[in-house]
Every structure is written in C-alpha cells, then in structure tokens.
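J.: here is the input, now give the coordinates:
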Amino acid sequence: MFGLSPIYILVLGLVCVILFGNRLPSVMRSLGRSVVEFKKGVNGIEDEIDSTMKQVNEKSKDGEVNK
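T.: Numbering: from 1, shown residues only. So this is what the prediction gives:
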C-alpha cells in the first residue's frame, strides 16, 4: 500500500489521534465527502469526454456513408 510499512501506518495513526483527538471523526467525515465530490467531478468529465467521442464517431461514420 503505497510502499508504507505497517509500523509507519500505525505511527501515523497515533499522531493523527494525538493531534485531532475528539475532532478526528468529523475530520475524516469531511475528508470522505471531499473524496466523493472529487470522484463525482472526475466521472462528470469522463462522461462528457465519452459523449463527445460518440458524437465524433457518429459524424465520421455518417461522413463515410455520404461519400
């Protein structure tokens, strides 16, 4: 997992608990929402690219038939 050893992950988790303490659940919730919004944005861009590519392919096929 990203080249991180289990000990490093454990130490990182302990540092997070020490720094954020009671706020850790709300921080993680906010982080999760941010990731979901980012994925929605990426999916929207991918959908737009796919639809544009379909239109281009349909136009090129129609152009070949009309020649």
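J.: where are the low-confidence patches of the chain?
T.: Along the chain, segments meeting pLDDT under 70 span 1-2, 64-67.
J.: where's the most centrally placed residue in it, which helix or strand?
T.: The centre of the chain sits closest to Lys39, judged by C-alpha atoms, centre = their mean, with a distance of 3.6 Å. Per DSSP states H and E: Lys39 is located in helix 24-66.
J.: elements contacting that helix?
T.: helix 6-20 (3 or more C-beta pairs under 8 Å, 6 or more residues apart in numbering; DSSP states H and E). Where C-beta positions appear, they are placed from N, C-alpha and C, glycine not excepted.
J.: kindly export the helix it packs on (C-alpha atoms) in PDB.
T.: Output of helix 6-20 as PDB, limited to C-alpha atoms (Å, rounded to 0.1, in the frame of the first residue of the first chain):
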ATOM      1  CA  PRO A   6       2.600  -1.300   8.800                       C
ATOM      2  CA  ILE A   7       4.700   0.300  11.600                       C
ATOM      3  CA  TYR A   8       4.700   3.600   9.700                       C
ATOM      4  CA  ILE A   9       0.900   3.500   9.300                       C
ATOM      5  CA  LEU A  10       0.500   2.700  13.000                       C
ATOM      6  CA  VAL A  11       2.700   5.700  14.000                       C
ATOM      7  CA  LEU A  12       0.900   7.900  11.500                       C
ATOM      8  CA  GLY A  13      -2.500   6.900  13.000                       C
ATOM      9  CA  LEU A  14      -1.300   7.600  16.500                       C
ATOM     10  CA  VAL A  15      -0.100  11.000  15.500                       C
ATOM     11  CA  CYS A  16      -3.500  11.700  14.000                       C
ATOM     12  CA  VAL A  17      -5.300  10.700  17.200                       C
ATOM     13  CA  ILE A  18      -3.000  12.800  19.300                       C
ATOM     14  CA  LEU A  19      -3.300  15.900  17.100                       C
ATOM     15  CA  PHE A  20      -7.100  15.700  16.300                       C
END
